[in-house]
Every structure is written in C-alpha cells, then in structure tokens.
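**Q** model this:
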Amino acid sequence: MNWDDLRVFLAVARDGSLSAAARNLRVTQPTVGRRLKGLEESLHARLFDRLPEGLVPTAAGTELLPLAEAMERTALAVDRHQAAFTQDARGVVRISVWETFAQFLTDHLTALRSTLPDIEIELSVTHVQADLLRREADLLIRECRPDNPSLIARKIGSYTHAIYGAHDYVDAHPAAHGEARYRECAWVGYDEDHAYFQNQTWLLSRLEGRLPAIRVNNGIVLHEAVRKGAGLGVLPCFAGDKDPALLRLSPPLDEIVRDLNLVMHRDLRRSPAVRAIGTALAGIFKSEAARLSGRAPQMPKIESGAPLARSLVSG
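**A** Numbering: from 1, shown residues only. Sure, this is the predicted structure:
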C-alpha cells in the first residue's frame, strides 16, 4: 500500500473536497482524484459518498480513518527523528515567526549564514502558529508557551513598546508630546481581527471609544504608515528606535512587556542543525536585549530629502 495514497485519503477526509485537499497537499486536483481512486480499487471499497455538503466518509472510510491517522503519526515521527540521525549541522531549518520579528531576524541572517554556512534557513512569516508535530516548522518564536507536552520552550528574551510618530507629523501636531495626543492626534493601529494584540488593547483603552483612524492587519504596514506620517502608533522599541524617520514620544511602556520563547518538538532536540540554529538565535536575542527593551539609543533623525539607505549607513 502506498503511503501517499493514504495521505490523500486523510486530506480529503479532513477537507471534505478534492480541491481543498489538493491545495493543502500542494498537488493538482486530478492527482488527488487519481490517487484516491487507486486506493479505493486496491481496497475494493468506496471510501467517500458525494453529498451536498461535500465528500463524506462511507462506513469503510470511517473504519480506515483511525488506521491511516496512526500511520501518519508514525510517518511524522520518523520525519522528525531523521533530522537527528546525522551528526552534521547541515540541511534546512524552518523558523516560524510573525512579521515584525521576521524583520528583526533579517538583520542577523548574514551573521547566521556566516557562522553556520552548511545550514539553509527558511523563514515562515505568519500569525498562525505552525504545527510542529507535522513539522510545518522546526522552531517557533512565540510569546506564549505551549501546553502540549510534546513541545519544549525556552525563554530567549522579552521586548517592549513605545509611542512613535514621524518627525513631520509630530512637528505639525504639538499635542503629540502629551496626554492630549489620545484626543487630538490620528492613530494607526490594528483592525478588529487583531484587537487582542496587547499593544492594541493598551491603545484602545486610552482612545475613549475612538478607533485608530487607520487600521491594518500587519505590523510592517503599521510601522510604514506611521513613518509616512499617517498618525501616531505603538510600535516595538527594537523597530521604532532604529528608524531615523521616527521620534519616540514615550519611555518604554512597562504595561506592554512581552516574553519571547523559542519552541521546538522534543524529537528535534538531538538534531545538530536545529540545535545549532536554536543556540545561535538565543545568543542573538541575548546580545540585543538592550534594543529589545528600548534601552538602546535611538537612531539620529533622518535629514529631510536624504535617502533612507544613506542615512542608515551614516547613522
């Protein structure tokens, strides 16, 4: 029996259609249909009924499902363990991180590659936590510690936020320097789907029922809107302080201090490549502790009309 056929069966059972299974498996819909048909022929049984709500497992499909899931768990475990079979720190290591910290990590990719040239790095940028059991990533950088006993977490630092505005916007709005900014200034924040972010809840608690004038679902876009003068924003200090186009308008906000954890599956602890990247990442966050906490000096103001790249180099 071909394991790939069973993978297709599981995807169809979970997604309820050939097209959705094909998208998740990253194959074509005809491939999914062909493999499913081949599996049914080999088992001499129909595995799905086509109903208005989608493909629903038959009695045979329902009986096969837990057996296929057990095979999947074993296959995934083999995949995780195989990373530890070699003694060399080489191969691909996938790191899952949200967009703001992906920007932070890009500052260190050259040094990482120089230190560990035999390891290729994939950054998966998403708000959705990758499934480490299915090895959608090897390492997660997340604020929350996992409650799954198969996962282990190591605190690698913490970071905080402050209020920032573009120099031109602040010059045009003197209220930006004081408490009146919450009533008189425009703000850039997150949309309703991301209202649970701690920097967003902190801001909303001070806007007295108002919403930010501009709302986004991406931290990089939020930062860019603030630096272009669309309004004030609450940004991570490590991002705002290094941007010479921005002025920090508050000390680091003690109410928005967040821990950072490096998370991996227990099966990958003995992988030389994963262990090497994890150790290197922990060292990076330790060396950048002042920047993450907002204690590092802010970049000098960018000169009007000066190209950003030149200002960053001169700074």
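**Q** Regarding residue 96, what is its secondary structure?
**A** Secondary structure, DSSP: H, G, I helix; E, B strand; the rest coil: residue 96 is strand.
**Q** tell me the contacts of it?
**A** The contact partners of residue 96, by C-beta atoms under 8 Å, 6 or more residues apart in numbering, come to 124, 126, 129, 130, 136, 137, 139, 140, 141. No exception for glycine: its C-beta is placed from N, CA and C like everyone else's.
**Q** What distance do you get for the third one to residue 245?
**A** This points to residue 129. Residue 129 is 32 Å from residue 245, where distance means C-beta to C-beta, to the nearest Å.
**Q** okay, those two: which has more neighbours?
**A** Shown here are residue 129 and residue 245; by other C-beta atoms under 10 Å, residue 245 has more neighbours (20 against 15).
**Q** follow-up on the earlier one: where is pLDDT lowest across the contacts of residue 96?
**A** Ranked by pLDDT, the contacts of residue 96 bottom out at residue 129, which scores 78.
**Q** Verify the stated contact: that one with residue 141.
**A** No - look at residue 129 against residue 141 with C-beta atoms under 8 Å: they stay out of range, at 10.6 Å.
**Q** Pairing partners for the top strand by length along the chain, with directions?
**A** In the chain, assigned by DSSP state E, the strand with the most residues is strand 151-166. Strand 151-166 sits in its sheet next to strand 233-236 (antiparallel), strand 246-248 (antiparallel), strand 253-265 (antiparallel), going by DSSP bridges.
**Q** Tell me which of these lies nearest to residue 172.
**A** strand 246-248 (12.3 Å; C-beta to C-beta).
**Q** rewinding a little: would you turn the strands paired with strand 151-166 into TSV with mean pLDDT?
**A** Output for the strands paired with strand 151-166, formatted as TSV (pLDDT from 0 to 100):
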stretch	mean pLDDT
strand 233-236	96
strand 246-248	96
strand 253-265	92
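**Q** For stretch 167-176, measure first residue to last.
**A** 11 Å (C-alpha to C-alpha, to the nearest Å).
**Q** contacting residues around that stretch?
**A** Contact with stretch 167-176 is made by 165, 177, 181, 183-185, 229-232, 245-247, 249, 301-302, as judged by C-beta under 8 Å, 6+ apart.
**Q** That stretch: how far from the chain's middle?
**A** From the chain centre to the centre of stretch 167-176 is a distance of 33 Å (C-alpha atoms, centre = their mean, to the nearest Å).
**Q** ok so, going back, redo the strands paired with strand 151-166 as TSV? Include mean neighbour count and distance to residue 213.
**A** Output for these, formatted as TSV (neighbours: other C-beta atoms under 10 Å; distance: least, C-beta to C-beta, whole Å):
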stretch	mean neighbour count	distance to residue 213
strand 233-236	26	11
strand 246-248	21	18
strand 253-265	18	21
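**Q** Is it correct that residue 282 is in contact with residue 153?
**A** No - taking contacts as C-beta under 8 Å, residue 282 lies outside contact range of residue 153: 11.9 Å.
**Q** what do these two both touch?
**A** residue 262.
**Q** Quick one: the helices in the stretch 1-150 of the chain, in order.
**A** Applying DSSP state H, counting those that start in this stretch to the stretch 1-150 of the chain gives helices spanning 3-15, 18-25, 29-43, 59-82, 99-106, 109-115.
**Q** Check which helices and strands the fourth one is in contact with.
**A** I take that to be helix 59-82. helix 3-15 (3 or more C-beta pairs under 8 Å, 6 or more residues apart in numbering; DSSP states H and E).
**Q** average pLDDT for the helix it packs on?
**A** 90.
**Q** Also stretch 188-199?
**A** 92.
**Q** count of residues packed around residue 209?
**A** 5.
**Q** now do residue 88
**A** By other C-beta under 10 Å, neighbour count at residue 88 equals 9.
**Q** before we move on, what about residue 114?
**A** Around residue 114 there are 8 residues (other C-beta under 10 Å).
**Q** same check, this time on residue 46
**A** 12.
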